[in-house]
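Enquirer: Using only what follows, build the 3D model:
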Amino acid sequence: MSAPLVDIRKVGKRFDVPGPWPWSPRRQVRAVIDVDLQVADGEVVALVGQSGSGKTTLSRMVLGLENPTEGEIWIEGRRWDTMPERERQARRVAYQYVPQDAMSALDPQQTVVEAVVETLTVLARVPRAEAASRAAAMLSRLGLSHRHHALPRQLSGGEQRRVTLARVLALVPRLVVADEPTSGLDPDRRAAVLEDLVGNLPDRAGCILVTHDLEAAIPYCHRVVVMLEGRVVEVADLRNDPPAHPYTRSLLDPWHDSGGA
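Expert: Below you'll find the predicted structure:
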């Protein structure tokens with residue numbers, strides 16, 4: 001059996017937090033606790049939980065934006081968390097991030113096509129003529145062929161998110177970490193953005209979808225990883241199996257009695 005694309009082994013993260021007064025002792029907060037998780041080639045895994053559950057911290061550690069306090073993170077068979085940044089930098093183009101706030105991630109003076117072309121030429125060193133061709137093809141796949149010359153402020157929220165998807169997907173990444181890519185959208189637009197993301201992933205690319213919206217994520221994910229207070233409390237294919245943990249059931253049904261069986 002081949003090694004997983006992402007292999008998270010007993011990972012934890014502690015933060016030092018100052019007390020309420022200058023003379024108060026600092027305290028440690030455990031944001032992520034003893035997490036094991038694997039993502040296979042071609043697999044879409046949702047990290048789900050309410051604010052403060054640890055899902056965003058875990059996703060940032062996968063990308064090397066935070067370092068774990070305990071445990072190991074391996075990507076494509078290489079130890080990632082202890083790799084020197086010089087070596088990581090050369091590989092980052094293959095491991096891409098979709099931001100939550102699309103508007104702030106876009107240059108207000110760049111048109112849609114310029115944003116994608118710049119990503120290809122700067123990050124992937126693609127010649128400009130080829131970058132323009134690849135950008136146009138990806139924008140067309142995402143339904144933005146008529147918006148090439150629009151500025152971010154002229155786009156709807158859903159279109160802004162598609163531009164951030166186009167910048168990432170045009171790079172043909174091996175791994176995509178999407179941080180709340182549907183935040184603030186209405187239900188119809190949420191589904192459309194998730195379909196655009198998952199439906200246009202490169203062959204064998206893995207995806208970690210960070211979201212608090214479990215119901216929206218289920219149809220697009222092979223597995224759902226539910227986090228509560230820094231711990232993984234359930235891993236399941238909720239397309240085929242009902243949730244087992246009371247907290248997972250409460251995310252799907254806010255009126256569910258989490259103290260029940």
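Enquirer: Do me a favour and get the end-to-end distance for stretch 201-211?
Expert: One end of stretch 201-211 to the other measures 18 Å (C-alpha to C-alpha, to the nearest Å).
Enquirer: Relative to the whole chain's centre, how far out is that stretch?
Expert: Computed by C-alpha atoms, centre = their mean, to the nearest Å, the separation of stretch 201-211 from the middle of its chain amounts to 8 Å.
Enquirer: Are we agreed that residue 227 is in a helix?
Expert: No: per DSSP: H, G, I helix; E, B strand; the rest coil, residue 227 lies outside any helix segment and is strand.
Enquirer: residues contacting it?
Expert: Contacts for residue 227 (C-beta atoms under 8 Å, 6 or more residues apart in numbering) come out as 35, 47, 48, 49, 53, 54, 55, 58, 233. Every residue, glycine included, has its C-beta placed from N, CA and C.
Enquirer: The first one is in contact with residue 231, isn't it?
Expert: Yes: judged on C-beta atoms under 8 Å, residue 35 makes contact with residue 231 at a distance of 7.4 Å.
Enquirer: Common neighbours of those two, please.
Expert: residue 54.
Enquirer: Which one's more surrounded, those two?
Expert: For residue 35 versus residue 231, the count of surrounding residues by other C-beta atoms under 10 Å is larger for residue 35: 25 against 16.
Enquirer: got the contact list for that one?
Expert: Taking C-beta under 8 Å, 6+ apart, one finds 8, 10, 11, 12, 54, 58, 71, 227, 231, 232 in contact with residue 35.
Enquirer: Also residue 77?
Expert: Taking C-beta under 8 Å, 6+ apart, one finds residue 3 in contact with residue 77.
Enquirer: if we go to 10 Å?
Expert: Counting by C-beta atoms under 10 Å, 6 or more residues apart in numbering, residue 77 touches 2, 3, 4, 5, 7.
Enquirer: How many residues are close by the fourth one?
Expert: With neighbours defined by other C-beta under 10 Å, the count for residue 5 comes to 23.
Enquirer: Same check on the second one?
Expert: The local packing of residue 3 (other C-beta under 10 Å) involves 14 other residues.
Enquirer: ok, residue 193 touching residue 185?
Expert: Yes: with contact defined as C-beta atoms under 10 Å, residue 193 reaches residue 185; the gap is 6.5 Å.
Enquirer: Settle it for me: which of these two has more neighbours?
Expert: Legend: neighbour count by other C-beta under 10 Å for residue 193 and residue 185, higher for residue 193 (25 against 19).
Enquirer: immediately after the helix or strand containing that one, which helix or strand?
Expert: Taking DSSP states H and E as the definition, one finds residue 193 inside helix 187-199. Downstream of helix 187-199, the first helix or strand assigned by DSSP H and E is strand 206-211.
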